[in-house]
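Asker: No letters, just coordinates:
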C-alpha cells in the first residue's frame with residue numbers, strides 16, 4: 001500500500017500489515033533491469049504503532065512517513081535521515097511543524113523545491129484535503145501552510161505525488177462516494 005520508488009528506481013518503500021501490524025517495508029534491487037528483491041520490514045522505522053505512507057526525498061537520504069502513536073487515527077508526520085543509501089535510517093523524530101490535532105498523512109517534498117504537500121483533515125471540511133507549505137529539512141521547520149487552492153473538492157483529496165518538478169500532481173479524490 002502507498003508505494004514510493006526512489007529516484008534511482010533501486011528502492012521501493014511501502015506500508016504493509018503482512019506481519020499483523022501496519023509497518024514500513026522496502027524492496028531493493030541492484031539495477032533497474034533486475035527484479036525487485038523480497039520485501040524486508042524496515043525495523044528502525046517500524047514500531048508497535050501504525051506507520052504508513054513513506055515518501056523519500058529525491059536524494060534518497062530523507063524519508064517522511066506518518067505514525068499513529070496514540071491509536072486514535074491522529075497520525076503525525078515523522079522524519080528520518082541517513083548519510084547514504086546503504087545506511088540504516090536514523091534521527092527519527094516527529095516533524096513538529098507539520099503536526100496538528102488532526103490526521104496528517106502522505107507528506108511529500110516536491111522534487112527540487114522546498115515545497116511540501118500533506119494530506120490532512122485539519123481544515124473546516126473535516127475530510128482529508130491536500131495542504132501545501134514550505135519546508136526546511138535542515139532545521140525541521142515548515143511554514144506558509146494552507147489548503148491547496150483550486151484542488152480540494154467535497155470529498156477526500158489525499159496522498160499527492162508530484163512529478164516533473166511539481167508541474168504534475170497525482171492524487172486520489174473521492175467523488176460521488178467512491179475513490180477515483
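Answerer: Structure received. As the structure is a computational prediction, the values presented were derived from the model and not from experiment.
Asker: distance of the spatially most central residue of the chain from residue 29?
Answerer: Closest residue to the average C-alpha location of the chain: residue 106 at 3.4 Å, with Cα atoms, centre = their mean. Distance, residue 106 to residue 29, by Cβ to Cβ, to the nearest Å: 25 Å. The C-beta positions use only the backbone N, C-alpha and C, and glycine is treated the same way.
Asker: and residue 9, how many neighbours?
Answerer: Residue 9: 10 surrounding residues under other Cβ atoms under 10 Å.
Asker: For it, give me the pLDDT.
Answerer: Per-residue pLDDT puts residue 9 at 95.
Asker: residues contacting the closest residue in space to it that isn't next to it in sequence?
Answerer: Excluding its sequence neighbours, the residue lying closest to residue 9 (Cβ to Cβ, 6 or more residues apart in numbering) is residue 32, at 4.9 Å. By Cβ atoms under 8 Å, 6 or more residues apart in numbering, residue 32 lies in contact with 8-10.
Asker: With distance to residue 40 and secondary structure as added columns, please give these in CSV.
Answerer: Output for the contacts of residue 32, formatted as CSV (distance: Cβ to Cβ, whole Å; DSSP: H, G, I helix; E, B strand; the rest coil):
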residue, distance to residue 40, secondary structure
8, 18, coil
9, 18, coil
10, 14, coil
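Asker: Return the member of the residues you listed nearest to residue 156.
Answerer: residue 9 (29.2 Å; Cβ to Cβ).
Asker: so where's this protein uncertain?
Answerer: The chain contains residues with pLDDT under 70 at 70-73, 164-166, 176-180.
Asker: What segments of it are helices?
Answerer: Counting by DSSP state H, the chain forms no helices at all.
Asker: isn't residue 48 right up against residue 20?
Answerer: No: if you go by Cβ atoms under 8 Å, residue 48 and residue 20 don't touch, sitting 10.8 Å apart.
Asker: close enough to count as contact, residue 110 and residue 133?
Answerer: No: using Cβ under 8 Å, residue 110 is not in contact with residue 133, being 10.9 Å away.
Asker: Compare these two and say which is more crowded by neighbours.
Answerer: For residue 110 versus residue 133, the count of surrounding residues by other Cβ under 10 Å is larger for residue 110: 22 against 17.
Asker: Could you pull up phi and psi at that one?
Answerer: Main-chain torsions, residue 110, degrees, to the nearest 10: phi -70, psi 120.
Asker: What distance do you get for it to residue 27?
Answerer: If you go by Cβ to Cβ, the gap between residue 110 and residue 27 works out to 24 Å.
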